[in-house]
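Q: Have a look; sequence and predicted model below, questions after that.
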Amino acid sequence: MPGRTRPIDKFATAVAKCSAETSAYGKCILVDYNNVSKDKCVTEFMRLKDCYLATAKKR
Amino acid sequence: MNAFSIRAFIPPIARRALPLRATRRYAVQSPGAPTIEIFSQQHKWMQKERAARDVEASRSVDYLRDEVASRLCERLLDINRQFPHVLDLGANACNIAHQLTLPSEDSPENGPRGKRIGQLTAADSSETLLYRDAHLPFNNEINIKREVLPTSEILPYEANTFDAVLSSLSMHWINDLPSVLAQANNILKPDAPFIGVMMGGDSLYELRTSLQLAELDRRGGVATHTSPLADVRDVGGLLQKAGFNLLTVDVDDIVVDFPDTFALMKDLQAMGESNAVVSREKGAIQRDVLLAAEGIYRELHGNEDGSLPATFRLIYMIGWKHSPTQAKPLERGTGMFSIKDYLEKDGKKGDGEGESK
């Protein structure tokens, strides 16, 4: 689709700028991935989401 | 409960305009065990049509289908006979036809791989995808006839028609696999091979596990995002049940590296391979879940160079239709030499072939 960026592309570029937060969140889940429950890593996730929201807004 | 729908016989264009409720269902019990509808054929058809309409994107993700079709054609080359009439069942964008016009990688001097094939009938339910490459030059090099099937689960051919039936990467969307295999067996001539390849087992297990963990953490439960797939163990039984003889089943892993999960999902969508499980959650995946899955995928499965591997496990199957004149396996215990001695002597020669790329 020329001339138009798909929302998923915008999402991907914004997420790519938050690699530190992404990996921190992933590591938190992986500590005990046989025993994941809701909001197990909510603090790390919120940090990741804040970073994503900030980078998405910047442009 | 196993209703037989006439919807299958309505041509796709009319079917698109027809609301689901207008279809009358008759209470006719099909023979055998009742089949459960796991995949929505309607939805799968729509996804394929939609994906193929964007020709450029659709061609750019042909890498998997082309590679698999190429490996399938190599298996066809192993059979030393003429094939006057061949069916390509679930042809997608006629990838098999394209690969047949290319020479074999092992012996490029022998000409195109399809030279022993008389006519190839390419059948698929998605018209747009089937005719996507109809104007490309390779179509002149092979005698190909495209046929749009009203449904991918009923094969409208006479018994004993084809000298071989091929199928590449489309059988993993079929609900009633035993029935389709039995139909394939029926339309084959006696002593003719069925050569198929389907996604199976642990395909995309990285994506599956990441999404599951992400949903567990974000939403506290798991939804269906990837299809249930047949396992290698099941395929032998399925072929046998469909009446095939002299079975060969083997597995091949293709690992593709992607920059991120979004690229993987976009490619799957462009292939028309998005989720079409009936019990799927309608609508897009939540952004929170996508965000979380990206992090988990990267940490759990990611390569050291930052790319994300996605495994496609392909199950190749070869079965032969029964014929009284067919070569039969020898009786147990009639072997003339020990296979153990043979393998120990030559074991190192043939290793490492057909592994992941």
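A: On my side now, so go ahead. Residues are numbered from 1 along each chain as shown, chains lettered A, B, ... in the order given.

Q: going forward, measure contacts and count neighbours with C-alpha atoms only.
A: OK.

Q: Flag every residue of chain A that's near chain B.
A: Counting by C-alpha under 8 Å from any C-alpha of the partner chain, the positions of chain A adjacent to chain B are A:1, A:8-9, A:12, A:15, A:22-27, A:29-30, A:33, A:36-41, A:45, A:49.

Q: please redo it, this time with the cut-off set to 6 Å
A: A:22, A:23, A:26, A:37, A:38, A:39, A:40 (C-alpha under 6 Å from any C-alpha of the partner chain).

Q: How are the helices of the chain distributed by residue range?
A: I'll assume chain A. Under the criterion DSSP state H, helices of chain A are mapped to A:7-16, A:19-30, A:42-58.

Q: oops, I was thinking of chain B
A: Under DSSP H, chain B gives helices at B:12-17, B:41-53, B:55-60, B:63-77, B:95-100, B:127-130, B:177-187, B:205-219, B:232-241, B:261-270, B:287-301, B:339-346.

Q: In TSV: those, plus distance to chain A and mean neighbour count.
A: Listed next are these as TSV, based on distance: least, C-alpha to the nearest C-alpha, whole Å; neighbours: other C-alpha atoms under 10 Å in any protein chain shown:
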stretch	distance to chain A	mean neighbour count
helix B:12-17	24	13
helix B:41-53	11	20
helix B:55-60	9	16
helix B:63-77	20	19
helix B:95-100	24	24
helix B:127-130	17	23
helix B:177-187	33	21
helix B:205-219	4	22
helix B:232-241	26	17
helix B:261-270	6	19
helix B:287-301	4	22
helix B:339-346	41	10
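
Q: got these as JSON lines, with mean pLDDT and distance to residue B:149 columns?
A: Listed next are those as JSON lines, based on pLDDT from 0 to 100; distance: least, C-alpha to C-alpha, whole Å:
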{"stretch": "helix B:12-17", "mean pLDDT": "58", "distance to residue B:149": "9"}
{"stretch": "helix B:41-53", "mean pLDDT": "93", "distance to residue B:149": "11"}
{"stretch": "helix B:55-60", "mean pLDDT": "93", "distance to residue B:149": "21"}
{"stretch": "helix B:63-77", "mean pLDDT": "93", "distance to residue B:149": "20"}
{"stretch": "helix B:95-100", "mean pLDDT": "94", "distance to residue B:149": "17"}
{"stretch": "helix B:127-130", "mean pLDDT": "94", "distance to residue B:149": "8"}
{"stretch": "helix B:177-187", "mean pLDDT": "92", "distance to residue B:149": "13"}
{"stretch": "helix B:205-219", "mean pLDDT": "93", "distance to residue B:149": "31"}
{"stretch": "helix B:232-241", "mean pLDDT": "91", "distance to residue B:149": "23"}
{"stretch": "helix B:261-270", "mean pLDDT": "94", "distance to residue B:149": "21"}
{"stretch": "helix B:287-301", "mean pLDDT": "93", "distance to residue B:149": "36"}
{"stretch": "helix B:339-346", "mean pLDDT": "80", "distance to residue B:149": "46"}
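
Q: ends of stretch B:142-159, how far apart?
A: Using C-alpha to C-alpha, to the nearest Å, one end of stretch B:142-159 lies 24 Å from the other.

Q: That stretch - what's its average pLDDT?
A: The average pLDDT for stretch B:142-159 rounds to 91.

Q: just how off-centre is it within its chain?
A: How far stretch B:142-159 lies from its chain's middle: 16 Å, per C-alpha atoms, centre = their mean, to the nearest Å.

Q: quick one: contacts of stretch B:152-172?
A: Residues outside stretch B:152-172 that contact it (C-alpha atoms under 6 Å, 6 or more residues apart in numbering or on different chains) are B:83, B:85-90, B:125, B:186-189, B:192-199.

Q: Could you count how many residues lie near the closest residue in space to residue A:21 that isn't next to it in sequence?
A: The shortest distance from residue A:21 to any residue other than its chain neighbours is 5.0 Å, reached at residue A:48 (C-alpha to C-alpha, 6 or more residues apart in numbering or on different chains). Neighbours of residue A:48 under the rule other C-alpha atoms under 10 Å in any protein chain shown: 25.
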